[in-house]
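**Q** Quick one, what's the 3D model for this:
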Amino acid sequence: MSEMSENITRIFLDEKEIILIGTAHVSKKSAEQVKEVIEAERPDSVCVELDEQRYQSITAGNKWKDMDIFKVIKQKKATLLLMNLVISSFQKRMASQMGIQAGQEMIQGIESAKDVNAELVLADRDIQVTFSRIWHNVGYWGKMQLLSQIIYSIFSNETISEEELEKMKSQDMLNSILNEFTVSFPRLKTPLIDERDQYLSQKIKEAPGKKVVAVLGAAHVPGITEEIKKEHDLTKLVKTPPKSKAPKIIGWAIPIIIISLIAYTFYTNPTVGLQQTISWFLWHGSLSALGTALAFGHPLTILTAFIAAPITALDPITAAGWFTGIVQALIRRPSVRDFESLSEDVYSFKGFWNNKVTRILLVVVLANLGSSLGTFIGAADVVRLFIQNFQ
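**A** Sure, this is the predicted structure:
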């Protein structure tokens, strides 16, 4: 059975009492309520809606010093890191309006757990797994829309009143950013909310002791209230989706088809074959260079994009962004200050744009987007010229 009061839900499960505190992630009232409830209840365990990565993020201010930007680029994690940073920026901006530290209610939960000698449980699923499962649920254009929606939300200058902020208690932080996007892509609700409800409920249920307090975004409370009555396989919930063979097949098929069409056209009509080759190189090079220029990449980085994109488009293993990112990092090598100030710079548009680390990430992402667009347009033009040649 369960008992409910404002933002508090009590669940009695067998011999265990579980107290869920529904919070807004950037609210003074939520942080104060977390402190009051934990001190009054003195639970055996305190669960917080954090994974290890986010826990380190809010407790270790210098974590960015250890980041190897070259490793991030080579492992093709630039887009993922950029998404993490822009979401952090959104949260910081909202918290700044209310004059508190971002994630203060989670920090308060951690501190209060220590104060009452309760065991701290990091109850949320790894954010990388969640992003991976979200990424898996949308197609190519969905990914483009998702990135644009996130970036728009981050750099929007709209302010939110405290009354409106309190209404955000009905939403999870990630979901509040992606709210409009989930309308277009309902499947995102499963990895973003439903699966995390299941994961959180199981972790809370397994927390040590007979009395457990859980500090959660309020969006999760209704789902957890239902899911906690069931058993969930955590191993299954943390599995990353198997990579589809289709992108790999398409990735190899496109260059094989393009090279074959151009080669055959050269054999029958060298002039048209040359036009196809020039078209392929110009579309890829120009659009990738344009993306790099929009990220204000160094002129040599822009030139690298122009040269690399047409070639990497024919090699599924590499990407234009890999080369542009490396060149940008070598020419505009981030300083210690850039890494140290990264968590603060992402708070503002100016700081996000001027920090050398985020600039490199933007160069990688936009160069790849330009090259991808070039593949569609360049391939279409190669096919058009091929057809015209035989008419």
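
**Q** Name all residues that make contact with Ser30.
**A** Ser30 is in contact with Asn7, Ile21, Thr23, Ala24, Gln104, Glu105, Lys169, counting by C-beta atoms under 8 Å, 6 or more residues apart in numbering. The C-beta positions use only the backbone N, C-alpha and C, and glycine is treated the same way.

**Q** Now, those residues that are in helices?
**A** By the criterion of DSSP state H, membership of those in helices covers Gln104, Glu105.

**Q** Gln198 and Glu231 touch, don't they?
**A** No - the pair Gln198 / Glu231 is not scored as a contact, 9.8 Å apart, by C-beta atoms under 8 Å.

**Q** which of the two has more neighbours?
**A** Using other C-beta atoms under 10 Å, the more surrounded residue of Gln198 and Glu231 is Gln198, with 23 against 10.

**Q** need the contact list for the more buried one.
**A** By C-beta under 8 Å, 6+ apart, the neighbours of Gln198 are Glu227, Lys230, His232, Leu237.

**Q** what do you get if the cut-off is 10 Å, keeping everything else the same?
**A** Gln198 is in contact with 125, 223-224, 226-228, 230-234, 236-237, counting by C-beta atoms under 10 Å, 6 or more residues apart in numbering.

**Q** quick revisit: may I ask which two of the contacts of Ser30 are separated the most?
**A** Asn7 and Gln104 (15.3 Å; C-beta to C-beta).

**Q** pLDDT, neighbour count and distance to Val327 for the contacts of Ser30 - can I get that in a markdown table?
**A** Shown next, in a markdown table, are those (pLDDT from 0 to 100; neighbours: other C-beta atoms under 10 Å; distance: C-beta to C-beta, whole Å):
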| residue | pLDDT | neighbour count | distance to Val327 |
| --- | --- | --- | --- |
| Asn7 | 82 | 19 | 51 |
| Ile21 | 94 | 24 | 49 |
| Thr23 | 85 | 27 | 44 |
| Ala24 | 71 | 26 | 43 |
| Gln104 | 81 | 21 | 40 |
| Glu105 | 86 | 27 | 42 |
| Lys169 | 47 | 19 | 46 |
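
**Q** And stretch 360-379, how far out from the chain middle?
**A** 19 Å (C-alpha atoms, centre = their mean, to the nearest Å).

**Q** List the buried residues in it.
**A** Neighbour counts over stretch 360-379 (16 or more other C-beta atoms under 10 Å) mark 360-375, 377-379 as buried.

**Q** where do the helices sit along the stretch 101-250 of the chain?
**A** Assigned by DSSP state H, counting those that start in this stretch, the helices in the stretch 101-250 of the chain fall at 104-115, 127-136, 140-155, 162-167, 173-177, 179-184, 189, 195-205, 220-227, 234-237, 245-268.

**Q** so how far is the shortest one off the chain centroid?
**A** Put plainly, it is helix 189. Centre to centre, stretch against its chain (C-alpha atoms, centre = their mean), the figure for helix 189 is 15 Å.

**Q** So which of the contacts of Ser30 are in strands?
**A** Among those, the ones falling in strands (DSSP state E) are Ile21, Thr23.

**Q** So which of the contacts of Ser30 is the closest to Arg337?
**A** So of the contacts of Ser30, ranked by how close each gets to Arg337 (C-beta to C-beta), first place is Gln104, at 26.2 Å.

**Q** Over to the residue nearest to that closest one when sequence neighbours are not counted: give its phi and psi.
**A** Among residues not flanking Gln104 along the chain, Ala31 sits closest, at 4.3 Å (C-beta to C-beta, 6 or more residues apart in numbering). Backbone dihedrals for Ala31, given as degrees, to the nearest 10, come out at phi -60, psi -40.

**Q** and Ala31, how many neighbours?
**A** The tally of other residues near Ala31 (other C-beta under 10 Å) stands at 23.

**Q** measure the residue nearest to Asp197 when sequence neighbours are not counted to Lys239 for me?
**A** Closest residue in space to Asp197, ignoring its immediate chain neighbours: Gly223 at 3.3 Å, by C-beta to C-beta, 6+ apart. Separation of Gly223 from Lys239 (C-beta to C-beta, to the nearest Å): 20 Å.

**Q** the more surrounded of the two?
**A** Each of Gly223 and Lys239 has its neighbours counted (other C-beta under 10 Å); Gly223 has more, 19 against 11.

**Q** I'd guessed that one sits against Ile204; true?
**A** No - when contacts are counted by C-beta atoms under 10 Å, Gly223 is not listed as touching Ile204 (11.9 Å).

**Q** element containing Ala305, please.
**A** Using DSSP states H and E, Ala305 sits in helix 299-312.

**Q** Compute the number of surrounding residues for the spatially closest residue to Arg54 that is not a sequence neighbour.
**A** The spatially closest residue to Arg54, leaving aside those adjacent along the chain, is Ile127, at 6.2 Å (C-beta to C-beta, 6+ apart). Neighbour count for Ile127, taken as other C-beta under 10 Å: 20.

**Q** Kindly report the same for Asp194.
**A** Quick note: Asp194 (other C-beta under 10 Å) scores 13 neighbours.

**Q** who's in contact with it?
**A** By C-beta under 10 Å, 6+ apart, the contact list for Asp194 reads His220, Gly223, Glu227.
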